[in-house]
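Student: Give me a 3D structure for the following:
(2 chains)
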2 protein chains.
Amino acid sequence: MEGAALTRRGLLVGIGAVGGAGAMYAAMGALGLAPSEQDKAFTPPRPGDFTLRGRAAASVVILGAGVAGLTAAYELGKAGYDCTVLEARAEAGGRNLTLRGGDRLTELRGPAQEVRFGEGVYFNAGPGRIAPWMVTLDYCRELGIPIETFVNRNAAAYVHTNGQTLRARTAQADMYGYVAELLAKATDLGALDKMITKDDRERLLDFLRRFGDLGPKLEYEGSERRGFTEFPAIGAGTPITAPGSLHQVLAAGTGHAITNDFGYDQATPMFQPVGGMDAIVTKLVEAVGADRIRTGARVTKITTLADGVEVTYTGGTLKADYCIAALPPHLLARIPHNLGAEVAAALRTPVPVPAGKIGLEYGTRWWELEDRIYGGVTETDLDITHIWYPSYGYHSERGLLVGYYNTDENAELYAALTPDDRRRRALTQGKKIHGEKYRQNVLSSASIAWERQEHIEGGWVRWPSVDSSFTLLQRPAGRVYFAGDWLTHLIAWQAGAMESARGVVTELHERVLRSP
Amino acid sequence: MEGAALTRRGLLVGIGAVGGAGAMYAAMGALGLAPSEQDKAFTPPRPGDFTLRGRAAASVVILGAGVAGLTAAYELGKAGYDCTVLEARAEAGGRNLTLRGGDRLTELRGPAQEVRFGEGVYFNAGPGRIAPWMVTLDYCRELGIPIETFVNRNAAAYVHTNGQTLRARTAQADMYGYVAELLAKATDLGALDKMITKDDRERLLDFLRRFGDLGPKLEYEGSERRGFTEFPAIGAGTPITAPGSLHQVLAAGTGHAITNDFGYDQATPMFQPVGGMDAIVTKLVEAVGADRIRTGARVTKITTLADGVEVTYTGGTLKADYCIAALPPHLLARIPHNLGAEVAAALRTPVPVPAGKIGLEYGTRWWELEDRIYGGVTETDLDITHIWYPSYGYHSERGLLVGYYNTDENAELYAALTPDDRRRRALTQGKKIHGEKYRQNVLSSASIAWERQEHIEGGWVRWPSVDSSFTLLQRPAGRVYFAGDWLTHLIAWQAGAMESARGVVTELHERVLRSP
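Tutor: Reported below is the predicted structural model:
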């Protein structure tokens, strides 16, 4: 799994969204690269900011109608800024993409896919979950978008590692059981007498008994926490067979899966908009005004001037007081500009990360009916990395699994296949966990390779070296500001795009109010 | 907390529903008291069972329109049994009780409460959550009741023990951090060399690094998993202050809270019907037919005869071929009957458990807006035991907390107070966790003391000794069958009532088909 290669205090790799990496950003702060003033209490620009000063709001051209661009337009719009958003794709939203029946998904260097999901079935091909502390939830509240729980942890889901499939509850019970037993024994043997007082020793043993469900001899003998082949009902139920040995449990390699939701960004509960993540895009576009967003508008030149910005795009040339460039950095880097060599070099620094997902629509929700899995994630060491079970539409006729959500080499492997072959491979892998039923009753599928999405070309970016490029681009180049998750400590999260946009809006507005 | 007093392999105390006690029922099986044949694949009675044999369905009088009685009537009704349900209370449902504005809640030895909750606010005064493996979810599916996640674990909720309040994520990170460090050190010191091979030692250390987020020296130095005062955004965020010492962390006594959802009955995710738990009652009553349920009908005598059963109640006398007594055992024990001394003694064996809850309605969802707690449970060692945050109505104007959910002495303490004093006490306790805002903007409240509910008189029952009473009552006494969660290994769960009803329906139907 991708997290396995990470160091504890890693780089800005933005892999948190895939799962499990919560503690990756400290290096930035340690090296003094983090912005000194954080956006603590954001106050959106207000109409009164201008009218009280007897002046007009400025005009802003925003490049990219992804979540960063839309958020910037939305917040500036509150004060009456004259915003125009240029979007190269046919639709606003960027990576916030929800696919439904009737959609057509084109791909660079690959065939288009006609999406054939049934009524009520959707596939969040981009972001799929929101941590409750994230600003994304504030926008859901402000925009009136109903939310519901995204199940990110499920004791009934599976862990598939080293060819073995266990329920998550079983993997956890066994690992915790043996860890508790070993520490209890070490404590009993006096190995820790220098580190721990006698009273604390009793407290520790009390905790370990609970934690590992240890028997009276402080040994792990299995536990009902492992689950049942027949759950208790009238009778006591039939617990699943006894655990393997300590060696077997350690060799199973389930540690990554067990700790996957320990990070502050993955901890339960998480949330999703009801009906699809693109509700956020729909509501932002409504609030901004669809007439302010020009789709199919690919930017070909950016020029900062003494009195404004000139942006050339496939539909003509726009002049505005300011520009917010909210495109992925690797695409910005290809657009001719006069922002200087340092900016040009900085834009070339972050490296796009391949990321892919497949939505598999089934004619029956066998994972609920047979496996009693209602939402959640199965962690694997296969190239599919994860299987996501849907956290909506419980008990309905059809349902959609995410059959892979992978990055880097695994994503590239699937991207290189045709859509049919991606599905075939995903089904073959999933069968290792769920058996033959995984390949039966598949109604349709759709797969995305984000590095092959035109005008996006990556799942997110990774900063290969922690240098000054990151902070350089957090400052404006002349009258051009940069915005996006890639300029924050929340790479690959919509919250990053939103926080970045709010930061830029604040700075730009202060500058406008200060300007003569 | 109530779980603290439990032994690992405890008695049939039915406390699982309150939280944390998953492994309590093994004693029954070990003593050979569990039924030898479990209800593995329930097949409801079908009309064809009678028509193919050219005979009529039997008549059944069911005592109690709680979940057990309703389920029995529903399943028997599928085959055309002539069922009559006698319910002493004014409404069907028993302990499945959802309170809404306009309801009136009476109480034995206490004043009635007028419930004044606003539109859309409800309070599940009885059962509140469903584990996904439980048959309760099957009935939701079959009856077309939409379900949604009940958040039973929330990293952002609090743990309040020994006067100290921590976020759950902080308590967990610290305990896991130190446990990992201690075991890593013991391993390093060679204390476990006899128990563990060199390869396994490396595997264990690899797990412990992840599990405790240990530093390079295998020491716990705090972790971003503990949470932030300012979460990462544009900047790296501000982690909350460093953890206390090992001694401080052990002395905090958070172990019970950390392991609270480890049991198979409490593991995340859990579920609830959309709009209130009583959707199950509403749909069962609809399916059974409201005309088959006589409310206000208190049973005063049960007589089993050679050719049927005679039941006298406040409205007259009913004769039927069979009877299913689905009342609480302590109430059944008071009704004159001719079922014999052994049955009489057995019915007196289980002891009702006091249990109480309060619903606190606020004019603002400050726990979401300020604390970023969306659903979940705060565990405490106060007499309120738990605070539940609502898993529905996110971001709406008002919201309802469960301000206590307690049992035994704690429940009795609150039960003895007036409704106003219960609220005052609950608010004073909750203030220790949430501060003064906990007592502000409370719009209304309603509290239940289950042992003071007429015709129920207890939250559930506890079997004080594991003897033959349990199995005796699982068999019919003449033509009288017994049903209820109290006759299963799922005491205090609706699933217990349903499983019991299905078991009785199966046995009764087989007898009817066998009878001449």
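
Student: hey, let's count contacts and neighbours off CA atoms from now on
Tutor: Fine.

Student: Please list the outside residues in contact with stretch A:498-508.
Tutor: Where contact means CA atoms under 8 Å, 6 or more residues apart in numbering or on different chains, the residues beyond stretch A:498-508 that reach it are A:39, A:42-45, A:67-69, A:71-72, A:75-76, A:135-136, A:324, A:481-485, A:487-488, B:233-234.

Student: again, only using 6 Å
Tutor: By CA atoms under 6 Å, 6 or more residues apart in numbering or on different chains, the surrounding residues in contact with stretch A:498-508 are A:68, A:71-72, A:483-484.

Student: Nearest residue to the closest residue to chain B within the stretch 201-350 of chain A in space, please, no chain neighbours.
Tutor: Nearest to chain B in the stretch 201-350 of chain A, going by CA to the nearest CA, is A:I234, at a distance of 4.2 Å. Once flanking residues are discounted, A:I234 sits nearest to B:T488: 4.2 Å by CA to CA, 6 or more residues apart in numbering or on different chains.

Student: Distance-wise, check the one you found relative to A:R226.
Tutor: Taking CA to CA, to the nearest Å as the criterion, B:T488 is separated from A:R226 by 21 Å.

Student: ok so, going back, correct me if wrong: the residue of the stretch 201-350 of chain A closest to chain B contacts B:D485.
Tutor: No. In this structure A:I234 lies outside contact range of B:D485 using CA atoms under 6 Å: 8.5 Å.

Student: Show me which of those two is the more surrounded one.
Tutor: Neighbours per residue (other CA atoms under 10 Å in any protein chain shown) separate A:I234 from B:D485, with A:I234 holding more: 30 against 27.

Student: Let me know the helix or strand that the more buried one is in.
Tutor: Mapping A:I234 onto the secondary structure by DSSP states H and E places it in no helix or strand at all.

Student: just A:Y139 next, same as before
Tutor: Under the criterion of DSSP H and E, A:Y139 resides in helix A:135-143.

Student: Tell me, how many residues neighbour the residue nearest to A:I234?
Tutor: The number of residues packed near B:T488 is 29, by other CA under 10 Å.

Student: Now for it: which residues touch it?
Tutor: B:T488 sits next to A:233-234, B:496 when contact means CA under 6 Å, 6+ apart.

Student: Same question for A:P273.
Tutor: Contacts were defined as CA under 6 Å, 6+ apart; by that measure A:P273 touches A:146-147.

Student: which parts of the stretch 351-500 of chain A sit against chain B?
Tutor: The stretch 351-500 of chain A comes close to chain B at residues A:372, A:395, A:488-490, as judged by CA under 6 Å from any CA of the partner chain.

Student: mind redoing it with 7 Å?
Tutor: With the criterion set to CA under 7 Å from any CA of the partner chain, the stretch 351-500 of chain A comes near chain B through A:372, A:374, A:395, A:487-490, A:496, A:499-500.

Student: which of these lies closest to chain B?
Tutor: After measuring these against chain B - CA to the nearest CA - the closest member comes out as A:T488, at 4.2 Å.

Student: confidence score at the closest one?
Tutor: Among the per-residue scores, A:T488 holds a pLDDT of 96.

Student: and it, backbone torsions?
Tutor: Here the main-chain torsion angles of A:T488 (degrees, to the nearest 10) amount to phi -130, psi 180.

Student: number of nearby residues for A:L413?
Tutor: Taking other CA under 10 Å as the neighbour definition, A:L413 ends up with a count of 14.

Student: How about the contacts made by it?
Tutor: Taking CA atoms under 7 Å, 6 or more residues apart in numbering or on different chains, we find A:L413 in contact with no residue.

Student: What helix or strand is it located in?
Tutor: Element membership for A:L413 (DSSP H and E) is helix A:408-415.

Student: can you give me the end-to-end distance of stretch A:252-265?
Tutor: Using CA to CA, the span of stretch A:252-265 from its first residue to its last is 26 Å.

Student: I misspoke; the intended subject was stretch A:300-309.
Tutor: Across its full length, stretch A:300-309 reaches 13 Å between end residues, using CA to CA.

Student: What mean pLDDT does that stretch get?
Tutor: The average of the pLDDT scores along stretch A:300-309 is 97.

Student: quick one: buried residues of it?
Tutor: A:300-304, A:308-309 (16 or more other CA atoms under 10 Å in any protein chain shown).

Student: Including secondary structure and distance to B:K357, could the residues you listed go into TSV?
Tutor: Supplementary listing: the buried residues of stretch A:300-309 in TSV, determined by DSSP: H, G, I helix; E, B strand; the rest coil; distance: CA to CA, whole Å:
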residue	secondary structure	distance to B:K357
A:T300	strand	64
A:K301	strand	65
A:I302	strand	63
A:T303	strand	65
A:T304	strand	64
A:G308	coil	63
A:V309	strand	63
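
Student: Just the pLDDT for the residue nearest to A:N124 when sequence neighbours are not counted.
Tutor: In space, and not counting its chain neighbours, A:N124 is closest to A:T98: 4.4 Å by CA to CA, 6+ apart. pLDDT, the model's per-residue confidence, is 98 for A:T98.

Student: Please name the residues that touch A:T98.
Tutor: Taking CA under 7 Å, 6+ apart as the definition of contact, the neighbours of A:T98 are A:122-125, A:276-278.
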